[in-house]
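S.K.: Predicted model follows, preceded by the sequence.
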Amino acid sequence: MPDGAAPVLDVRGLKTVFRTRGGEVHAVNSVSFHLKPGELLGVVGESGSGKSVTMMSLIGLLPSPPAEVRAGQVLLDGRDLLKIDANELRDVRGAKIGFVFQDPMTSLNPVFTVGSQIMEPLIRHMGLTKAQARERAAELLALVGIPDAAKRLKDYPHQFSGGMRQRVMIAIALACDPDVLIADEPTTALDVTIQAQIIELVKDLRQKLGMAIVWITHDLGVIAGIADRVMVMYGGQVVEQAPVRQLFSDPRHPYTRALLKTIPSLHGARAARLQAIEGQPPILNAAPVACPFRARCAHAHARCETENPVRRAVDGLDVGQGHDVACHWTPEDAA
Amino acid sequence: MSAPLVQVRDLKMHFPIYSGILRRRTGAVKAVDGVSFDIRAGETLGLVGESGCGKSTVGRALLRLYEPTAGSVVIGGDDIATLSPAALRAKRPMMQMVFQDPQASLNPRMTVQAIISEPLDEQSDWDRDRKQARVLELMDQVGLNRRFANRYPHEFSGGQRQRIGIARALALSPKFIVCDEPIAALDVSIQAQVVNLLEDLQDNLGLTYLFISHDLSMVRHIADRVAVMYLGRIAELSPRDALYDRPLHPYAEALLSAVPEPDPSREGARQRIILQGDVPSPANPPKGCNFCTRCPKVFDRCRVEKPDLVEVEPGRLVACHLFPAITKSSLAQPGGTEATEPKQLGEVQ
């Protein structure tokens, strides 16, 4: 990946809060990250860790109320997306940033043909005529590996299988040649053999088109095979961020370390017992004043109760550039 | 680990398709189409496959939550598939089920106490105190705090709800439990807690499990033997280590190679078998081998003749023409062709 290139997307100190009858839920707490051109950033975390809410906050996809983006900057080409109005934001969505959602059945409109759904952004954002859009839509369907593309434009979503629908979603997201593609658990609803097909497709498209990708998942296996860099989220915060090989070979945060140990392996020695992470994920009903992982952490000490750790570099590079972790403990403490 | 507790022979579960104005029966979805296997007492048989392959249907038909179309399911000496309703009811305590979605399988209007004691209400004539004591004992066993007995399911997290479901399944001291994707709805960090609990319970209570899952690495952890299903039939049934070290059936091989692994260097070096296309519809399975439309090693015979599940190496059963049988399989009833409708049961409904 080009080092030192200016990031296409730069997110700083993003805070998103949901206001509910039961009080506020602090779903995203000071999340910062950037995305370089052509890079694939993996975002890992369990449900409720804030990974999807973070990405939806970026482009105003959360319903407000109850959601409220309370602080932060989202810089795309130097423009702050949190400051622009709804119309301008609509020009960004679909044109500059494409989005692929988890469930391809519920994110495609069942009463429109697949063709008209691919043509819509082309006509809206790129000003193509219907005929041009139809031609381009057929090209896109062929690009994502759907056989007999021109004919299938007239089909409805229910006439496609799950994997094929996800290919259609990817075609829509890529329609306007976006700089950034955000894929929110794009393979979670699919079977493993179909997942393998989609992953190969995305790898292939990346080489052809060169867009930067944010890939959200809870599956560390998928991340290992596809990401350049990984961001681990827990309790609405980034707890660790590193190049992919470093994250797997030298995880620094106790949560990342525990997570890697808890997954049974497909090869090698079989553990007699799985290493569980005891306890439950935190309830985020207040702004964090302590480490969100402290209750489940094997290395928690007094400081973790009173001070929420900030991200610090592990390898001497600036935070966000190399390997960083938000933890008061270091593995060297244990040695 | 000796005599089989569960013996399934040529189990078929076809769901009729009705169409037209007269709602005439025009076909059938062959969700399970001739499945045979044994589960030995005390072992865990893993049942893996992709969505729609019929693995959950096998689990449900085994406990006769569906009326099987054909075949026999002998559990502890009785053929579950043909028992009269009264005899089946008497048999229920020994076989139970843990469901996938703990949110949907617990009644939101019942307290934990009421949920766990419901099987006791149905099957025992115990008095209230005795049932109460048993509920609290079960809550201890599955790691739920006794003080939560009067709470409702929504007050619990996913992992805790699954513990409630497990306690309910244990209430009548069953011998055999069908675990239908018990961890699929849970987060990674919680999955290990539930799997460890299931293993502890197996050790302490001598349970036998059918563990249905699409998570191949978790099945490697928990199962002793593993059956791989594809489109309503078993493709391969092998001891765990043999299957994972050297899968024989081309589908088992492709399935295992498709699982992403949390190891970037291994992922980079990996030769992945990418299967083309999608699973055919079980209403209209291909002639010949079910896998012949996607198999990378397909040849002419596969398109005309269905392979039987036969023993191809000691302890390994494979349904593929590439692997000739070494013995006459112990699972005598071959299953497969429409002609061999078993005698015990005609078509129900």
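M.R.: Arrived safely. Residues are numbered from 1 along each chain as shown, chains lettered A, B, ... in the order given.
S.K.: helix or strand right after the helix or strand hosting B:Arg60?
M.R.: B:Arg60 is part of helix B:55-62 when elements are defined by DSSP states H and E. Note on helix B:55-62: by DSSP H and E, the next helix or strand toward the C-terminus is strand B:70-75.
S.K.: Parallel or antiparallel, which strands does the next helix or strand after that next one pair with?
M.R.: Elements were assigned by DSSP H and E; along the chain past strand B:70-75, the next helix or strand is strand B:78-79. Sheet partners assigned to strand B:78-79 using DSSP bridges are listed as strand B:70-75 (antiparallel).
S.K.: Can I get the strand it pairs with in CSV, CA atoms only?
M.R.: In CSV, the C-alpha atoms belonging to strand B:70-75 read as follows (Å, rounded to 0.1, in the frame of the first residue of the first chain):
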residue,chain,number,x,y,z
ALA,B,70,-39.8,-42.7,5.5
GLY,B,71,-37.1,-44.4,7.3
SER,B,72,-36.5,-45.5,10.9
VAL,B,73,-35.0,-43.7,13.9
VAL,B,74,-34.2,-46.1,16.7
ILE,B,75,-33.4,-44.3,19.9
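S.K.: Just the buried positions in it, please.
M.R.: Residues B:70-75 are the ones in strand B:70-75 that count as buried (16 or more other Cβ atoms under 10 Å in any protein chain shown). The C-beta positions use only the backbone N, C-alpha and C, and glycine is treated the same way.
S.K.: now that strand against helix B:55-62, angle please.
M.R.: Angle of strand B:70-75 versus helix B:55-62, following axes from the mean of the first three to the mean of the last three Cα atoms, to 10 degrees, is 70 degrees.
S.K.: Run a quick neighbour tally on residue 136.
M.R.: With no chain named, the answer covers chain A. By other Cβ atoms under 10 Å in any protein chain shown, 18 other residues sit near A:Arg136.
S.K.: ah, no, chain B please
M.R.: Neighbour count for B:Leu136, taken as other Cβ under 10 Å: 15.
S.K.: hey, where'd the strands end up in the chain?
M.R.: Because you didn't say which chain, this covers chain A. A:9-20, A:23-35, A:40-44, A:67-76, A:79-80, A:97-100, A:180-184, A:212-217, A:229-234, A:237-243, A:312-313, A:324-325 (DSSP state E).
S.K.: Switch to chain B, please.
M.R.: B:4-19, B:24-40, B:44-48, B:70-75, B:78-79, B:95-98, B:176-180, B:208-213, B:225-230, B:233-239, B:310-313, B:316-318.
S.K.: now the ones you listed as a markdown table including mean pLDDT?
M.R.: Shown next, in a markdown table, are those (pLDDT from 0 to 100):
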| stretch | mean pLDDT |
| --- | --- |
| strand B:4-19 | 92 |
| strand B:24-40 | 90 |
| strand B:44-48 | 96 |
| strand B:70-75 | 93 |
| strand B:78-79 | 92 |
| strand B:95-98 | 94 |
| strand B:176-180 | 95 |
| strand B:208-213 | 95 |
| strand B:225-230 | 96 |
| strand B:233-239 | 96 |
| strand B:310-313 | 93 |
| strand B:316-318 | 95 |
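S.K.: Now do the closest residue to B:Thr293 other than its chain neighbours against B:Gly27, distance only.
M.R.: Using Cβ to Cβ, 6 or more residues apart in numbering or on different chains and skipping the chain neighbours, the partner closest in space to B:Thr293 is B:Pro286 (5.2 Å). Using Cβ to Cβ, to the nearest Å, B:Pro286 is found at 15 Å from B:Gly27.
S.K.: now swap in B:Ala258 and tell me
M.R.: Using Cβ to Cβ, we find B:Ala258 at a distance of 31 Å from B:Gly27.
S.K.: can you tell me which residues contact the residue of the stretch 201-349 of chain B found nearest chain A?
M.R.: Closest approach between the stretch 201-349 of chain B and chain A, counting by Cβ to the nearest Cβ: B:Pro260, at 3.3 Å. Counting by Cβ atoms under 8 Å, 6 or more residues apart in numbering or on different chains, B:Pro260 makes contact with A:192, A:195-196, A:199, A:219, A:221-222, A:224-225, B:267.
S.K.: Fine, thanks again, bye for now.
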